[in-house]
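# Give me a 3D structure for the following:
(2 chains)
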Amino acid sequence: MIDRIAEIRAQGEAAIAAADASVELERLRVGMLGRKAELPQLLRGVRDLPSDQRGAVGKAANEARQALEGLLAARAAELEAGELDARLARDRVDVTLPGDPAPAAGRLHLLSRTRREIEDVFVGLGFDVADGPHVETVYYNFDALNHSPTHPSRLWSDSFYVSGPDAVDRPDSLLLRTHTSPVQVRAMEAHPPPLFIVIPGTTFRRDSDATHTPQFHQVEGLAVSQDITLADLKGTLLAFARAIFGPERELRLRPHFFPFTEPSVEVDVSCFRCEGGVLADGSRCPLCKGSTWIEILGAGMVDPNVFGYVREHGYDPDRVQGFAFGMGVERIAMLKHEVPDLRLFFDNDVRFLEQF
Amino acid sequence: MLLPRFWLEDHVRPELTTPQLVERLDLSGTAVERTYRHGVGNLERFVVGRVIEAEPHPDAERLRVCTVDVGDGNRQQIVCGAPNVAAGQTVSVALPGAVMPDGTELRPAKLRGVESRGMILAEDELALGTDHQGIVVLDDGPAPGTPLDEVLPIATDVLELEITPNRPDCLGVYGVAREVHAVTGAPLGPAPWREDPGSAGPIEGVEVVVEDPDLCPRFTARAFEGVRVGPSPEWLKARLTAAGQRPISNVVDITNFVMLLTGQPLHAFDLDRVAGGRLVVRRAHDGEELETLDGERRLLNGDMVLILDGNGPTSLAGIMGGARSEVAPQTTRVLMEVASWDGPNILRTSQRLGLRSEASARFEKGISPESTMEAQAVAARLMVELCGARLVPGTIDVGGAPPPPPAIRLRDAKLAALVGKAIPRERSAEILRALEFEVGDTDDGLEARPPHFRSNDVTREADLIEEVSRIDGLDKLPATIPATRSAPSAEPRPAGLTARQRLRRRAQDGLAGRGLHEILGWAFADPERVERLRLPEDDPRRRVVTLANPMSAEQSVLRTMLLGSLLDAARHNVARGAGEVRLFETATVYLPTRPELQPDEPFHAGALLLGPSRPPTWRDPSPPHADLFAAKGVLGALLDELRVPWSVAPSNEPFLHPGRGAAVLAGDRRVGWLGELHPLVARAWDLEDAAAFEIDLDTVAALVEGRVERYEDVTSFPAVRRDVAYSVPLETRAADLVALVREVAGERLAAVKIFDRYEGAQAGEGKVSIAMHLQFRAPDRTLTDSEAAEIEERVTRAVEQRLGGAFRA
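Residues are numbered from 1 along each chain as shown, chains lettered A, B, ... in the order given. Next up, the predicted model:
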């Protein structure tokens, strides 16, 4: 019996060593160690043996089973490793084929993005963002902003009116706002000073040519307190200009005239494309036209007459003062990103949109 | 306004180059649009010459061969075609190398075989005027060889000024000279009207009646006799020409010259053609007509002001004279009218008639009544000097000069507080005096009375502060940041933005992050667009805000939805070869409320997907086209990002595929629509098929405003997962099945998600099989399998009883 066990063991060891696939190994395991195989049956029969033989046969059979189990496991591991390598080799791909495109992110419209950049600069300086209606009354769009009754922008030919032709002279007539300034008045009516707001938004003027679109975008600012100065305006706009156009920028204020500010200024930023009006190749800078300055916005100290319209809301012209400014989002975007034509903003051509 | 530098220098001579002068003007409020060179170039080639001989040309009847002394005994042979050339004349000569006003360079030439080394010049060749009839003969006889620009203003820089509407005084050369004086300190020459040859009192035979003094605060007139109408002298022509005006005759040129000098327009009548010697100023009658100098017949109304004589209307006040009483070559008696008119009225009239003139452009800004007599003084002197006229004694002056404007206080402290920099009182006084204010001292500052020509513009302390600060120089201002901040507002604005503004940004970022490009559409729309969108008559989106004065019919109403703009943009891109278009817009739409009231302006978000839902690749060469579910995926991502619970329900929008459109619900509120475009709508925009959605972001914002997500324990006890499939009648909606599961499973249901849908033999005739992942969880313990099985069992019974379905797996 013990000889038979040794024989099974030897045959098994040889067969395991010769097996060269996991499938075959599994067949061997069933054949040698499965329920119906000889060795397990021998083991099960040990208790029927005479007691003097039981110990030796049982021990030999057990050892043989453990040895074969061990060999099977070891051989299985060996074979698996080899088979995995083979499978991996079969799974080889041409790594030079194109990858799957990750879902491409879309883009905010350049004007949207520029508007946010401007908003964020002023938010950082302590301003809140305010907005208001696009269809406005003559009162908020002109009267309360100290536009004289003859101001040309009131004209039928210059502004889009919703009300009929007699609308121009009536304060409650409706028109598409020609600037975001009416929100200044609405904000002052709603909040007592101090008030620091920027007002981004869509605006409309009856103008359509290479440098005008009937719909465009502005960001206005208003700062009102008891002690706001023209120097504060200069500092605030300098911070803005440097944030948008680069830390080396300087600012220049040129006196001008606007109905709602006094004194009024136009604001130039030092050119960020050239040195002294000249490009590296010696040609005249196309951006500043050789002047080294680029006009970016209009501004000034809020005209006392404007406060007069909101006096009962806490804006006594003798007690508060402040500055206001307004800029075109299109202009800032065109300057910064070298967009040559205003109309590109409204074509919505994806080849344009995806550049920014 | 065009300012020739040599004319400016009649009154002020700053020691500055033209670019330096331009910068000083720019930085003090007189914007210079551009500068250019007027006249001839290469000045050293223009000299005075004397004609020694003028012999007939051997081969040309009209030409003369001249020998011209051009200085230092240097004689040149010049062939000249002018009929008036003669020996002995002192003339202006251009030598080879001279650059003519049109930019060409003069070269030696042969004229009909005779060598010519230069040119004897006519007026137009010197840019002094337009006359080309003959050469200019110099009267005073300067020596040959004298540089010509010492004798004639043949070249100058011209500054094109942009004068702001508050400064009509700078629409005159002397007004700008005053600014230059204030800015540079260069002395200002005496006022050209300082000496007035005229006298006060009535004029015999002339009468003026002003019936509407509210529109004509002052009307002055002077009469001249023995007037000889003829050409103006070169100095006058040169100034007008350089300022962009065409010389006509001495009388007309004087009116233009005085206007350009003083800013005050004038009008010269032929007094013999003023019927009855009597002028009446009154409002026109409705329907009255007048033929203006430009030959047009003008139909007037009762808001317009006329000047009439005995024969009726003769002039449109402040804007244009009439043809009937125009000065002509044979005129010998002139009535010089200088009046002041109501600015707004002139502006309205000129706008109504579409008629703008140099005069109206000045009057509409408000010219002070005092200016009238200044212009009369200059004109009178020139009429006598240049036209040989005799000034008839007397001056008609209806209205007279108004009282001087009040003095205004300028407090040192207020000046410093507004500007942010102290300016010494002496400096303020110096500046204001240079601008011709009357300045006096007070305890706390100055008192300044504006000159008449600034009385409209400077009425308050802030206006004085502007004057002082702009001349003192804004470049000297420090750059500071305000010390204060906004008062706390009722509406919290973390990071400066309201909740609604932040939600808009999140929506934009969310859509861009899903691969959509943002567009900006026109608020304007074509009224016909609602037809192309197939909106029926009673659709509220057909009610639009209509513009009273649109620029074109295609842009005559305001949009009520974003879809049209998205379609416009899609068509633009597809027409340019784009096969895949993924666009969104967030913008205001305009919904009328009641007539004459502001419309509602809700803020919408819309998106449109067209073409492959993902880019084709080598292993997925034809991915499915964007359809309702692609759009729904984007919409869901957006609304989930905004933290709004949402669902869709079948719904018919006229512009959507009737079987593939849905209403978007947030909570139980309808906030928009979703679906595939109706093929006819797509075709109307030249598109194949596309899916889109549009929602009202304001309504969504209102739903989530102030909402705070609260913690829910999902980690302490594991969920039990079950996958089930039911076959239900084909018309059953997935959402109804899910709703039923939620209702029956109750609070133990942690999640339900459809993962398969199958129609076919195994589902049964007229049935569909829907498979779901379910998760059950209890907050306080681990659910047992049997508890989960029990819930599932309840669900199954409900599906059988209420939906007529059956458990499949």
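# so how far is the helix or strand bottoming out on mean pLDDT in chain A from its chain's centroid?
Least confident element among the helices and strands of chain A, by mean pLDDT, DSSP states H and E: helix A:38-45 (a mean of 82). Relative to the centre of its chain, helix A:38-45 is centred 74 Å away, using Cα atoms, centre = their mean, to the nearest Å.
# Point out the other elements, helices or strands, that it touches.
Judged by 3 or more Cβ pairs under 8 Å, 6 or more residues apart in numbering or on different chains; DSSP states H and E, helix A:38-45 is in contact with helix A:2-18, helix A:22-33, helix A:51-90. Backbone N, C-alpha and C define where each C-beta goes, glycine included.
# Go through those helices and name the closest to residue B:493.
Among the helices and strands packed on helix A:38-45, the nearest to residue B:493 by Cβ to Cβ is helix A:51-90 (58.8 Å).
# what's the following helix or strand past that closest one in contact with?
Next in sequence after helix A:51-90, counting helices and strands by DSSP states H and E, comes helix A:110-124. The contact list for helix A:110-124, computed with Cβ atoms under 8 Å, 6 or more residues apart in numbering or on different chains, reads A:107-108, A:129, A:198, A:200, A:217, A:219, A:221, A:239-240, A:243-244, A:327, A:329-330, A:332-333, A:336-337, A:339, A:345, A:353, A:355-356, B:495-497, B:505, B:508, B:518, B:520.
# Kindly report the same for stretch B:475-486.
So stretch B:475-486 is contacted by A:125-128, A:191, A:194-197, A:223, A:225-232, A:234-236, A:238-239, A:251-253, B:27, B:419-421, B:469 (Cβ under 8 Å, 6+ apart).
# okay, how far is it across it, tip to tip?
With Cα to Cα, to the nearest Å as the measure, stretch B:475-486 spans 28 Å from end to end.
# Just the mean pLDDT for it, thanks.
Average pLDDT, stretch B:475-486: 87.
# list the buried ones in that stretch?
Under the neighbour-count criterion of 16 or more other Cβ atoms under 10 Å in any protein chain shown, stretch B:475-486 has B:477, B:479, B:480, B:482, B:484, B:486 buried.
# Residue B:433: what's it in contact with?
residue B:439.
# After the helix or strand it falls within, which helix or strand is next?
Residue B:433 belongs to helix B:425-434 when assigned by DSSP H and E. Downstream of helix B:425-434, the next assigned helix or strand under DSSP H and E is strand B:438-442.
# who touches that next one?
B:407, B:409, B:425, B:429, B:432, B:433, B:446, B:447, B:448, B:449, B:451.
# sorry, back to before: so what angle separates the directions of the helix holding residue B:433 and strand B:438-442?
Angle, helix B:425-434 to strand B:438-442, by axes from the mean of the first three to the mean of the last three Cα atoms, to 10 degrees: 160 degrees.
# Quick check: which ranges of chain A have low pLDDT?
Counting by pLDDT under 70, chain A shows low-confidence ranges at A:165.
# What about the contacts of stretch B:475-486, which are in helices?
Cross-referencing these against helices under DSSP state H gives A:230, A:231, A:232, A:234, A:235, A:236, A:238, A:239, B:419, B:469.
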